[in-house]
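In: here is my input, please return the structure:
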Amino acid sequence: MGLPNVQPERYQALLTEKLDWVKAEFAEFDLPQIDVFESEPSHYRLRAEFRVWHEGDDLYYVMFDGDKHTPVRIDSCPMVSERIHDMMFKLLDVIRPNEMLRRRLFQIDFLSSLSGELTVTLLYHRPIGEEWAEEARKLRSQFDIDIIGRARKTKILLDRDYVIETLNINDKPFLIKQVENSFSQPNGRVCEQMIQWGLDVTANTGGDLVEYYCGAGTFTLPLAQNFRRVVATELAKVSVHAAKDNIALNKIDNVDVVRISAEDFSQVLQGKLQTRRVAGLALDECNFTTVLVDPPRAGLDADTVQQVQQYDNILYVSCNPVTLKENLKEICKNYKVERFALFDQFPYTHHMECGVFLTRR
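Out: Coordinates of the predicted model:
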């Protein structure tokens with residue numbers, strides 16, 4: 001996580017700059033009017049990690065702004081959620097005089113939810129055990145948080161390594177288990193808007209949905225209401241388990257999650273690969289009208305770009321406009337951009353998320 005200069009009074013001007021950049025960068029694709037979704041101007045980030053700096057008897061948070069060798073002391077952090085901000089400095093005040101908790105502590109990670117749950121991970125360059133756990137339990141009780149201790153080959157849970165997020169989508173709550181040290185959407189309110197936009201653009205597609213890079217099912221589960229059946233893929237084992245837990249939490253019965261890479265699943269659907277991982281899914285009975293992709297920053301590989309063009313509709317959520325543009329150059333030979341959205345997940349930075357809904361020409 002970088003170190004943005006949070007300036008609420010400049011938020012609208014900075015968002016306009018992003019919008020102007022997107023319009024210019026994607027002008028060749030004849031975009032419709034861009035849907036713009038704003039962030040809260042402060043306290044918007046639900047997860048964060050900070051290095052911990054030791055200086056004599058002092059102990060404080062630092063971040064690195066571009067230069068990885070020059071730490072910047074953090075005494076206030078208006079970008080993190082109020083739940084994190086309200087306790088992160090009080091937490092250090094308790095750790096600072098406690099030798100068992102502070103010795104060789106080098107990082108603290110925070111994972112919060114819109115509903116107020118908070119998991120804190122303390123990372124050490126030394127072994128930790130029951131003596132550490134005894135002191136950490138006091139923190140857990142004092143701050144009403146779950147605590148994880150991490151050291152080399154060691155992970156101690158007090159008591160959970162996840163939060164249960166509640167996302168309100170069109171006045172309906174969806175429960176999403178988000179696991180520590182795994183990907184989750186950092187800006188909860190913008191995430192809700194992203195899902196609502198996805199529901200809107202796919203409202204009349206019908207048929208079945210195939211999804212690549214589904215993570216813990218944050219988009220999968222709400223979007224399932226627009227389709228007869230959803231088959232979603234994800235490679236990370238922790239995320240697959242969380243997605244299956246989330247299916248059960250939300251009592252959804254038309255979603256299957258498969259632990260397989262996007263590349264391999266593309267090969268399966270093309271009949272070029274057989275694997276036991278898809279056994280029993282009866283993929284030949286599916287009428288996949290729509291594909292949802294939310295790839296990492298590298299974008300879609302060449303094979304997946306070809307595979308997504310097997311469907312009438314493509315919903316592409318991107319965290320990197322540069323690779324999105326490269327993918328669209330190929331996809332738009334056969335597809336038209338029907339909807340385009342800018343989601344301001346990361347205010348005060350150059351990073352942005354985009355959503356594109358395309359239909360076959």
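In: please make it C-alpha for all contacts and neighbour counts, starting now.
Out: Fine.
In: in stretch 234-250, what's buried?
Out: For stretch 234-250, the neighbour count (16 or more other CA atoms under 10 Å) marks 234-236, 238-247 as buried.
In: got it, and stretch 148-166?
Out: Neighbour-count burial for stretch 148-166 [16+ other CA under 10 Å]: 148-151, 156, 158, 161-166.
In: from start to finish, how long is that stretch in a straight line?
Out: This stretch, stretch 148-166, spans 22 Å end to end (CA to CA, to the nearest Å).
In: now the strands for the stretch 101-250 of the chain?
Out: Remark: strands assigned in the stretch 101-250 of the chain by DSSP state E, counting those that start in this stretch are 105-112, 118-124, 146-151, 154-158, 162-169, 172-179, 208-212, 230-234.
In: by contact count, what packs against the last one?
Out: In this structure, strand 230-234 packs against strand 208-212, strand 255-259, helix 262-269, with contacts taken as 3 or more CA pairs under 8 Å, 6 or more residues apart in numbering; DSSP states H and E.
In: cool, the third one as well?
Out: Here strand 146-151 touches strand 118-124, helix 130-143, strand 154-158, going by 3+ CA pairs under 8 Å, 6+ apart.
In: could I get the strands of the stretch 101-250 of the chain as CSV with mean pLDDT and distance to residue 292?
Out: Below are these laid out as CSV (pLDDT from 0 to 100; distance: least, CA to CA, whole Å):
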stretch, mean pLDDT, distance to residue 292
strand 105-112, 98, 26
strand 118-124, 98, 30
strand 146-151, 98, 33
strand 154-158, 97, 34
strand 162-169, 96, 18
strand 172-179, 96, 19
strand 208-212, 96, 5
strand 230-234, 96, 9
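In: of the buried residues of stretch 234-250, closest to residue 284?
Out: Of all the buried residues of stretch 234-250, the one with the least separation from residue 284 (CA to CA) is residue 234, at 20.2 Å.
In: from residue 89, how far out is the closest one?
Out: Distance from residue 234 to residue 89, by CA to CA: 36 Å.
In: cool, and residue 18?
Out: 33 Å.
In: show me how far stretch 209-219 is from its chain's centre.
Out: 11 Å (CA atoms, centre = their mean, to the nearest Å).
In: list the contacts of that stretch.
Out: For stretch 209-219, the surrounding residues in contact (CA atoms under 8 Å, 6 or more residues apart in numbering) are 176-178, 183-184, 195, 220, 224, 227-236, 239-244, 246, 262, 288-295.
In: how many residues are close by the nearest residue to residue 119 once chain neighbours are set aside?
Out: Nearest residue to residue 119, sequence neighbours excluded (CA to CA, 6 or more residues apart in numbering): residue 146, at 4.7 Å. As a burial measure, residue 146 scores 23 neighbours (other CA atoms under 10 Å).
In: residue contacts, residue 146?
Out: Residue 146 makes contacts with 118-120, 140, 157-161, as judged by CA under 8 Å, 6+ apart.
In: and if you look at residue 6?
Out: 41-42, 78-79, 347-348.
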